[in-house]
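Peer 1: Requesting a structural model of the entry that follows:
(chains A, B, C and D)
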Number of protein chains: 2
Amino acid sequence: MEEYKKRILLVEDDPNFGTVLKDYLMMNDYEVTHAKNGMEGFEKFKKDDFDLCILDVMMPYKDGFTLAKEIREKNTDVPIVFLTAKTMKEDVLKGYKVGADDYLNKPFDSEVLLMKIKAIIQRKATETISDSKQFEFKIGRFDLNSKLRFLKFDGGEPVKLSPKENELLRLLALHENDLMPRELALTKIWRDDNYFTSRSMDVYIAKLRKYLKLDEKVEILNIHGEGFRLVINN
Amino acid sequence: MEEYKKRILLVEDDPNFGTVLKDYLMMNDYEVTHAKNGMEGFEKFKKDDFDLCILDVMMPYKDGFTLAKEIREKNTDVPIVFLTAKTMKEDVLKGYKVGADDYLNKPFDSEVLLMKIKAIIQRKATETISDSKQFEFKIGRFDLNSKLRFLKFDGGEPVKLSPKENELLRLLALHENDLMPRELALTKIWRDDNYFTSRSMDVYIAKLRKYLKLDEKVEILNIHGEGFRLVINN
DNA sequence: CATTTTTGTTAATGTAAGGTTAAAAGGCTG
DNA sequence: CAGCCTTTTAACCTTACATTAACAAAAATG
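Peer 2: Sure, this is the predicted structure:
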């Protein structure tokens, strides 16, 4: 049913583990590009079009998170999976901030690996095919249509949103009631995470708050140093 | 390509049956720790990191359910399987209340046992991290959400926690009823262990105590020269 | 039992992050 | 290139946080 092999970018500095993993994936019908470090990984990423990136967290020179951020600046969609040592639970949070899709504990069960890979690629595929849900959100008494970029209150007159307003509100809605990490918005929407883009984002948060004031049950909360949270109180 | 053996904690008071089961599991490539009673089981559980717990229901001093509850308080994730003498419906119900993953009737088919074990470990491994549990703690009448950094009392209005407050309370909760060594908090949270970070930590302990005063059953005790202990009195 | 060490607690301070508004800079289109 | 929309930058203000100081109390020490 699949006409072409799915392409995986594997960035892993341990040559033994990397090679074994690559071979194993290839045996299971994936096309694998193996980069030995973050730098090389980024180069290869730019040159090609991948269905999935598997990044080792701990690598010399450029760690997996830094690489992930760079990848996200280029491509907001490609699934990213981290390889972490089993005991590093803090890694999980950090990965989540840069938009990780999943993580794998090293050493791991090869069967689990395959299942996860399949599930992630599959999920991504169905996401992109299935239409509306990605672009239409109910936010309290508001309706956001982020394809047409408007926001309606109580089914009344739609307010037009600018591209940035729209993307930001959409990202908040995707994380409704949950943390939307600052870093994630900056890498996904602004494609750069620095002081100015960060301040710019704050300006947009203020704008969105103004729109959302109409429904006092809806608010954007800040989590100091972490990000924002779109909450709908019942 | 299994890189490491799955670890099983087996708590079974019948020495004959326990030994046979242990040997059988080890023959099938599991690493098995065998405890002869609930008390010992809990001690061994705290000391190690297991992929599965198999608990006999009927044991002297501490039965399997009580043990399971204690294990759940420490770890919300580890799969637990009960061994019951025969199909006792009350047992089954009771077991699910404390988060049992499956049941095995004694005596049982060894093939079935292996299949179930495999399936359970597999299922657990496939679950993704996004499943909150890593960040949510129940502390007496409080709920700590350490991802969103708030503390709720009796499901009321959440109080925001600062990053340090949050990490410290989380670390205490991870060691609930147990010593959380000063040194551990300092190296993990402050990343430096000196006079000033130590005093800073004391300030945060005072802050946490203030929050926790609402539930008189919850307190942070000091163990002079050692660290702190978050106790929940019943 | 006096003295030192450790902990409890509150308040003050300095810095960083965020909230908000307005002005400047970019971009696009008629 | 004028006018409009969007985005960024600047400015100013407020809040949040972590640290340090200061003093009190408790615990250990010899």
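Peer 1: Just want the phi and psi numbers for the most centrally placed residue in chain A.
Peer 2: For chain A, A:G99 is the residue whose C-alpha lies nearest the centre (CA atoms, centre = their mean; 3.2 Å). Main-chain torsions, A:G99, degrees, to the nearest 10: phi 80, psi 40.
Peer 1: May I have the residues that are in contact with it?
Peer 2: For A:G99, the contact set (CB atoms under 8 Å, 6 or more residues apart in numbering or on different chains) comprises A:68, A:72, A:80, A:184, A:187-188. To be clear about C-beta, it is placed using only N, CA and C from the backbone, and glycine gets the same treatment.
Peer 1: Please apply the same query to A:E219.
Peer 2: So A:E219 contacts A:209, A:212, A:230-231, A:233 (CB under 8 Å, 6+ apart).
Peer 1: wait, is it part of a strand?
Peer 2: Yes - with DSSP: H, G, I helix; E, B strand; the rest coil as the criterion, A:E219 is part of a strand.
Peer 1: For it, report the pLDDT, please.
Peer 2: Per-residue confidence (pLDDT) for A:E219: 97.
Peer 1: Name whatever forms a beta bridge with it.
Peer 2: A:V231 (DSSP bridges).
Peer 1: how far away is it from DNA strand D?
Peer 2: 13 Å (CB to the nearest atom of the strand, to the nearest Å).
Peer 1: and that residue, how far is that from A:I139?
Peer 2: The gap separating A:E219 from A:I139 is 11 Å, by CB to CB, to the nearest Å.
Peer 1: what residues are shared contacts of these two?
Peer 2: By CB under 8 Å, 6+ apart, the residues touching both A:E219 and A:I139 are A:212, A:230.
Peer 1: What does the pLDDT read for the residue nearest to the centre of chain A?
Peer 2: 72.
Peer 1: Tell me which of the contacts of A:G99 fall in strands.
Peer 2: Under the assignment DSSP state E, the contacts of A:G99 contribute A:I80 to strands.
Peer 1: Distance to DNA strand D added to the contacts of A:G99, as a markdown table?
Peer 2: Supplementary listing: the contacts of A:G99 in a markdown table, determined by distance: CB to the nearest atom of the strand, whole Å:
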| residue | distance to DNA strand D |
| --- | --- |
| A:A68 | 21 |
| A:R72 | 16 |
| A:I80 | 24 |
| A:L184 | 16 |
| A:T187 | 13 |
| A:K188 | 13 |
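Peer 1: Out of the contacts of A:G99, which end up buried?
Peer 2: For those, a burial check counting by 16 or more other CB atoms under 10 Å in any protein chain shown picks out A:68, A:72, A:80, A:184, A:187-188.
Peer 1: In terms of secondary structure, what does the longest helix that chain A contains contact?
Peer 2: Taking DSSP state H as the criterion, chain A has its longest helix at helix A:110-129. Judged by 3 or more CB pairs under 8 Å, 6 or more residues apart in numbering or on different chains; DSSP states H and E, helix A:110-129 is in contact with strand A:52-56, strand A:80-85, strand A:102-106, helix B:110-126.
Peer 1: which strands and helices sit next to the helix or strand following that helix?
Peer 2: Tracing the chain past helix A:110-129, the next element assigned as helix or strand by DSSP states H and E is strand A:136-139. Applying 3+ CB pairs under 8 Å, 6+ apart, one finds that strand A:136-139 contacts strand A:142-145, helix A:163-174.
Peer 1: now the ones you listed as JSON lines including distance to A:F135?
Peer 2: Formatted as JSON lines, the helices and strands packed on strand A:136-139 follow (distance: least, CB to CB, whole Å):
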{"stretch": "strand A:142-145", "distance to A:F135": "7"}
{"stretch": "helix A:163-174", "distance to A:F135": "7"}
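Peer 1: one step back: now, the buried ones among the contacts of A:G99 that are in helices?
Peer 2: Taking DSSP H as the definition of helices, the buried ones among the contacts of A:G99 contribute A:68, A:72, A:184.
Peer 1: what sits against the second one?
Peer 2: Translated: A:R72. A:80, A:98-99, A:187-188, A:191.
Peer 1: which one of these is nearest A:L172?
Peer 2: Relative to A:L172, the closest of those is A:K188; by CB to CB it sits at 11.7 Å.
Peer 1: Neighbours of A:N234, how many?
Peer 2: Applying other CB atoms under 10 Å in any protein chain shown, we find 4 residues neighbouring A:N234.
Peer 1: Let me see the contact set for the nearest residue to it once chain neighbours are set aside.
Peer 2: Once flanking residues are discounted, A:N234 sits nearest to A:K217: 7.2 Å by CB to CB, 6 or more residues apart in numbering or on different chains. Neighbour list for A:K217: A:140-141, A:232-234 [criterion: CB under 8 Å, 6+ apart].
Peer 1: for A:E40, same thing?
Peer 2: A:E40 makes contact with A:V11 under the criterion CB under 8 Å, 6+ apart.
Peer 1: Could you tell me what pLDDT the model assigned to it?
Peer 2: Per-residue pLDDT puts A:E40 at 94.
Peer 1: on that earlier part again, could I get the contacts of A:K217 as TSV with pLDDT and distance to A:C53?
Peer 2: Shown next, in TSV, are the contacts of A:K217 (pLDDT from 0 to 100; distance: CB to CB, whole Å):
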residue	pLDDT	distance to A:C53
A:G140	95	36
A:R141	96	39
A:I232	96	33
A:N233	93	38
A:N234	81	38
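Peer 1: what about burial for those residues, which qualify?
Peer 2: Taking 16+ other CB under 10 Å as the criterion, what is buried in these is A:140-141, A:232.
Peer 1: Output those of those also counted as contacts of DNA strand C.
Peer 2: Among the buried ones among the contacts of A:K217, no residue sits close to DNA strand C (CB under 7 Å from any atom of the strand).
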